[in-house]
Structure formats: C-alpha cells, structure tokens
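Novice: Need the 3D shape of this:
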Amino acid sequence: MAADAPDVTTAIDRIEAACRRIEAATRARAASGDALARRHAALKARMAEAVAALDDVIARGSAG
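Specialist: Below you'll find the predicted structure:
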C-alpha cells in the first residue's frame, strides 16, 4: 500500500487543481454575465431614448 501513496497524492493534487480551475471558470462566467447584464441595461435605456425621440418626431409631423 505504501507504493500507492505517491499515486494517491498525485491524484488528489490533480483533483484539487481541477476544482480550482472550475471555481475560477465559475467566477469568470459570473463576471461575464454581470457585464452582459450591464451592457443590456445600457442598450435598453438608449433604445428607449431613441424610440421616445422618434415618437416626438412623429407627433410633430402629425400635428403640422
């Protein structure tokens, strides 16, 4: 069994390294999702402004 100890340690080290990579990827994906949500909110606000401006143009054209 003593001969297996280095293999077990190596396997545990590899598992721990894999867990660290998974955790890092999860954090990166969450940050990416947050950035996407912020960009979406900014785009949505700009589109609302553009639509409001078009509504004003249409309203002025209909009134005159």
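Novice: low-scoring pLDDT stretches of the protein, where are they?
Specialist: 1-4, 64 (pLDDT under 70).
Novice: can you pull out the helices in it?
Specialist: 5-63 (DSSP state H).
Novice: any idea how far the most centrally placed residue in it is from S62?
Specialist: Most central in the chain under Cα atoms, centre = their mean is G33, positioned 1.6 Å from the mean C-alpha point. Distance from G33 to S62, counting by Cβ to Cβ, to the nearest Å: 42 Å. (Glycine included, C-beta is placed from N, CA and C.)
Novice: And L43, by the same measure?
Specialist: In terms of Cβ to Cβ, L43 sits 28 Å off from S62.
Novice: repeat for R20
Specialist: 63 Å.
Novice: To what extent is A59 buried, counted in neighbours?
Specialist: 10 (other Cβ atoms under 10 Å).
Novice: that older thread, more neighbours, L43 and S62?
Specialist: Remark: of L43 and S62, L43 carries more neighbours, 10 against 7, as counted by other Cβ under 10 Å.
Novice: What separation is there between that one and T10?
Specialist: According to Cβ to Cβ, L43 and T10 sit 49 Å apart.
Novice: Neighbours of S32, how many?
Specialist: 10.
Novice: Use 465 as the first number for this chain going forward.
Specialist: Sure, I'll start counting at 465 from here, so that last one is S496.
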